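Engineer: compute the structure for the input listed below.
(chains A and B)
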Amino acid sequence: MTEAAAGQKIAGTRHPSLEMRGITKQFGAVVALSDVSLSVQPGSIHALLGENGAGKTTLMRIAFGMIAADAGSILRDGTLLTMRSPADAIAARIGMVHQQFSLIPAMTVAENVALGGKGLYRFDDIADRMRAVATMTGLSLNPRAKVASLTSAERQKLEIIRTLAHDATLLILDEPTTVLTERDTGELFEQLHVFVKTGRSVVLITHKLQNALSHADEVTVLRRGKLILNAPMSSATRESLTTAMLGTVLNDTPLARPAANRLHVVARVTAPAVEVFAGEILGVAALEGAAGPLLRLLAGRGQGPTADIPAPERTGFVPENRQDEAMIPDFSLAENIALRNAGQRRGLIDWKKVNEDASEVIRQFDVRAAGLEATARSLSGGNQQRFVLGRELGDNPSLLVLENPTQGLDVNAAAAVHERMRAARNAGTAIVFYSSDLDELAELCDRVVVIGGGRVFSSSPDAGEIGQLLLGIETAEHPIA
Amino acid sequence: MPELSLLADALVRATPLIIAGLAVAFAFRGGVFNIGAEGQLLVGAIAATAISLWAGPVLGRLTLFVALPGAAIAGAAWAGIAAELRRRFRVLEIISTIMLNFIAIHLVSFLVRGPLQEPTRIYPQTESLAEAARLPVILSGTRLHAGFAIAILLAVGFAWFFRRTALGFRIRATGAAPAAAWSAGRIDVGRTSYIVFLVSGGLAGLAGGIEVSGVTFALYENLSAGYGYTAIAVALIAGLNPLGVIASGIFFAFLETGALALQRDFAIPSSVASVAEALLILAALAVSSLRGRGIPGLKRVRPT
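Structural biologist: Below you'll find the model as predicted:
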């Protein structure tokens, strides 16, 4: 199959293994990618760096045919590709290993490798293919083992073997080292180096600077959907990449931040150790998904252990997932208002009062709805967000936990939310605020805790410092909060 | 007046369908797939019979006030087994309640041939209930008993309960979206589901108690003509709306009594009615999903 052909490519015209030109993608009003180009050379490991939400995964999902780009073209070994689905990408011998594994634990390794193939399942064929992959890269697993018995490193390995068994010569790995120990990470990169030796290529999506610096041959940096840097790794330094990822942080005039009431601890958990005081906005910075459990614990919505101080009776919570967690889509707006504190309410529901509260939220937060009896489902995304925020803020809570509350809002609506957060803080509410936008954290917060690598650091509200801590760079003394 | 007596017969038949239909609607609204109304109804019938026979001579006219609550408690306890299995071992109630139906059916068989059999030991049934332990007839000259009035009152009370009370709202929220009920409403979803199991089972048990005290006056096998199963259809056709359950319960009762009359007078098999019931359920499900809403509680793929 491949080695001879790939070898010729190196010797011959030497087209890029993958070239993406002028890729633009918009989700609703959000521009995810704007005119991004990328070129992956054969025989190289290409690091795609950027913060959360920079557009790395979106770009690679486009390369893998999962999302259609609004504009731009994709070339594979110099040939223009038409991508309608991942099947087209697989036919073009592109393989992608997603951050979330897509394995079936109850099945064997061989059966999982066979998934997505066509025709009959024959164990011997699959075992042959797996042997071929093993001789090519050194990646090997027992084909008869049950996936349920594998460690996460082995599952990662299986994902890669499966992709390679389907003849991929361009391998896209989305944050492959998140689940790996340091030793497994080293082993993975050794195998990737063997893999690319014969003219194949790897695109490595990562936010870990160290992985990119020590193992990649080329680097592309995205920031907020824009291409910032595309260079061979030899010309990049830790400093240049950090700046490219985070941008130069402008220190605008600090806002007056009233002192928090240090005597009044509103919420506290011990593992990790976090305290929230009345009258402060405590920012939480974390990589995608890592803050969820802590936020829910603080808000009294945790699943397992409870916080040291039980969440106050009036605790507002705005989850990121509005549709599933914040409201009941088939209930009317009035009923969704009644949902607030439904767990504590006894006796009868005063619907007149509920309707008044609902009208108040709709008026104050400019929710465009057909009326109180309209279902929550009928609202647009932005209106749903304002409705939920209005409900949780409207109750004068003593503690308010917000998870990406301005996501999906336009600039003015976001500013209005910020204004209300400040007003609530000044009125003595303790606010815990998670945002994936570090500038937003820096602008609003009195204090910030950063969750990185399973540890919690306290940081000043400065986007640069927060960003570095998130990348695992400890620049100064950062006491564990 | 034969028409009046036909109407009364249909309403007598509608009584267990409405009450068990309310039991099913209550469960489904609360996100609990109680398929076990049949078993809970039978256990309620056992309890009402046993209480009436043993305590009847002492209690006299007060017997009903003990026997009917006893039937409800027995039904709740029977559903409580499924609730406990779900809470402790995450056993799907769809499975456990069906299995409990079989156990209840065989429990009746055992009792009417054993401890509860009538004194002559000839027939597989219990002694008849004393006159004082029976539900009064509310339309003289017919068999229509007070149980029908209880069914209507329960439906109205149930509608009010869901609309006005905080607990009713918690149950609706838990059934519609458990994740949001917990996260936005801070509702104890597990506890709420438990209550739903017990109330639903209690209603079904009461249906069984009323059937014994108002119609059969004794416990025997096949006491329930599949009321607990037809109740699922009654609840679904009503869109889980308690007032709608009255209408759909009466409708199904007419269908069944009519089918029996057709079989008797024209030799048309009464299974035609069963086929018609099944087709109606399928049509109702299709229409509700076409309207894009689905029947609440039935959209949930995985139980929590």
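Engineer: mind checking pLDDT for residue A:344?
Structural biologist: On pLDDT, residue A:344 comes in at 87.
Engineer: what's the answer for the one 4 residues further on, then?
Structural biologist: The predicted local confidence for residue A:348 comes out at a pLDDT of 94.
Engineer: with residue A:480 instead?
Structural biologist: Value for residue A:480, per-residue pLDDT: 48.
Engineer: repeat for residue A:258
Structural biologist: Among the per-residue scores, residue A:258 shows a pLDDT of 53.
Engineer: can you list the residues of chain A near chain B?
Structural biologist: Residues of chain A that fall close to chain B, judged by Cβ under 8 Å from any Cβ of the partner chain: A:296, A:300-301, A:315, A:317, A:319, A:324-331, A:335-336, A:338-349, A:351, A:388. Glycine gets a C-beta too; all of them are placed from N, C-alpha and C.
Engineer: which among the residues you listed end up buried?
Structural biologist: The neighbour-count test (16 or more other Cβ atoms under 10 Å in any protein chain shown) marks A:296, A:300-301, A:315, A:317, A:319, A:325-331, A:335-336, A:338-343, A:345, A:349, A:351, A:388 as buried among the residues of chain A next to chain B.
Engineer: any low-confidence regions in chain B?
Structural biologist: Filtered on pLDDT under 70, chain B yields the residue ranges B:1-2, B:288-304.
Engineer: how about the helices of the stretch 151-300 of chain B, start to end?
Structural biologist: For the stretch 151-300 of chain B, applying DSSP state H, counting those that start in this stretch gives helices covering B:166-176, B:178-183, B:189-211, B:227-237, B:242-266, B:271-290.
Engineer: immediately after the host helix or strand of residue A:62, which helix or strand?
Structural biologist: Using DSSP states H and E, the secondary-structure element containing residue A:62 is helix A:56-63. For helix A:56-63, the following helix or strand on the C-terminal side (DSSP H and E) is strand A:71-76.
Engineer: quick check: buried residues in stretch A:148-160?
Structural biologist: Neighbour-count burial for stretch A:148-160 flags A:150, A:153-160 (criterion: 16+ other Cβ under 10 Å).
Engineer: in helices only, show me these.
Structural biologist: Among the buried residues of stretch A:148-160, the residues falling in helices (DSSP state H) are A:153-160.
Engineer: just checking, what packs against the helix holding residue A:62?
Structural biologist: Using 3 or more Cβ pairs under 8 Å, 6 or more residues apart in numbering or on different chains; DSSP states H and E as the contact criterion, the elements in contact with helix A:56-63 are strand A:18-27, strand A:30-40, strand A:45-49, strand A:94-97, strand A:170-174, strand A:201-206.
Engineer: and it, how far out from the chain's middle?
Structural biologist: Centre-to-centre, helix A:56-63 and its host chain are 13 Å apart (Cα atoms, centre = their mean, to the nearest Å).
Engineer: one more: stretch B:253-262?
Structural biologist: Averaging C-alpha coordinates over stretch B:253-262 and over its chain gives two centres that are 19 Å apart (Cα atoms, centre = their mean).
Engineer: quick check on residue A:226: phi, psi?
Structural biologist: Backbone torsions for residue A:226, taken as degrees, to the nearest 10, come to phi -120, psi 150.
Engineer: find the nearest non-adjacent residue to it, please.
Structural biologist: Take residue A:226 and drop its neighbours on the chain: the residue closest to it by Cβ to Cβ, 6 or more residues apart in numbering or on different chains is residue A:34, 5.6 Å away.
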